[in-house]
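Student: Okay, structure incoming, though there's no sequence with it:
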Ligand code: PGA
């Protein structure tokens, strides 16, 4: 049984003070939510992580804390970077790695994503590893080739025990922040394919345990249909995660 995960990707939004307001609103909206059935993570900017850690503790908010990136070294002369151990010490559970914005705007390669995935596991963090095709790649019929390359490279030299814990987010780039969503059937098809890529590389039932999320313009109105698909184990939510009622509706639309 895979426990669904709804993860909010706040991107570069919210000061630490605004983060408190949003997390409290979410706590209120999800007051009756069964977090043991559907997990909820908030992936906030670095500057809000300490604030949210203390808020979750003080207010007993059962959210998992997530970051959106990190360096792959544990420490060193890397001005401006944040290490896996720094995140771990803030009780961060998840770290989004290889988001298409990092790949396309900041030049992250598959190899770099793989370094980060392995560093996350070494530090006791769970990677939310992203993959997905552009509009042009979709039109050229190369969606599967693209996600296969990204997923295989990202999980290179990862042990089966680690692979079992990884969260993969399939996010078609043309659907991110555009209001266009993959149809539930198309998302299911590609996510099922991604599970097959994991199954080809890892023994036994590893692939059956891996949670694979859909991301790209997930909203309250389309969440139930997407989350109802057999292989879709949750969502990575950008824009709609910045609005408490909308994000809470996505969580409530997700069944264990
Ligand atoms: P979106 O972003 O929900 O705003 O499309 C998703 C993401 O980039 O993770």
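Tutor: Yep, that arrived. For clarity, every value in this text was computed on a predicted model and none was experimentally measured.
Student: Quick check: mean pLDDT of stretch 48-66?
Tutor: Mean pLDDT, computed over stretch 48-66, is 98.
Student: next one: stretch 220-234
Tutor: 97.
Student: Compute the first-to-last residue distance for it.
Tutor: Start to finish, the residues bounding stretch 220-234 are 13 Å apart (C-alpha to C-alpha, to the nearest Å).
Student: Could you pull out the buried residues of it?
Tutor: 220, 222, 223, 226, 227, 229, 231, 232, 233, 234 (16 or more other C-beta atoms under 10 Å). Where C-beta positions appear, they are placed from N, C-alpha and C, glycine not excepted.
Student: Tell me which entries of those lie within strands.
Tutor: With strands defined by DSSP state E, the entries of the buried residues of stretch 220-234 inside them are residue 234.
Student: which ones are touching the residue positioned nearest the centre of the chain?
Tutor: Central residue of the chain (C-alpha atoms, centre = their mean): residue 128, 4.1 Å from the mean position. Contacts here follow C-beta atoms under 8 Å, 6 or more residues apart in numbering; on that basis residue 128 touches 7, 43, 66, 94, 95, 96, 97, 167, 168, 169, 213, 236.
Student: repeat that for 10 Å
Tutor: 5, 7, 9, 41, 43, 66-68, 94-99, 120, 166-169, 211, 213, 215, 234, 236 (C-beta atoms under 10 Å, 6 or more residues apart in numbering).
Student: With residue 102 instead?
Tutor: Residue 102 makes contacts with 68, 69, 96, 108, 112, 113, 116, 130, as judged by C-beta under 10 Å, 6+ apart.
Student: Spatially nearest residue to the second one (excluding sequence neighbours)?
Tutor: Translated: residue 69. In this structure, residue 69 finds its nearest non-sequential neighbour in residue 102, 6.0 Å apart by C-beta to C-beta, 6 or more residues apart in numbering.
Student: what do you get for the fourth one?
Tutor: Distances taken as C-beta to C-beta, 6+ apart put residue 102 closest to residue 108, at 4.6 Å, once the chain neighbours are dropped.
Student: so that neighbour sits in a helix?
Tutor: Yes. Under DSSP: H, G, I helix; E, B strand; the rest coil, residue 102 falls within a helix.
Student: my guess is the residue nearest to the centre of the chain is in a strand, correct?
Tutor: Yes. With three-state DSSP as the criterion, residue 128 is part of a strand.
Student: Bridged to it, which residues?
Tutor: Counting by DSSP bridges, residue 128 is bridged to residue 96, residue 167.
Student: thinking again about what came up before, turn the buried residues of stretch 220-234 into CSV, including distance to residue 157.
Tutor: Listed next are these as CSV, based on distance: C-beta to C-beta, whole Å:
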residue, distance to residue 157
220, 39
222, 36
223, 35
226, 32
227, 32
229, 31
231, 25
232, 27
233, 24
234, 26
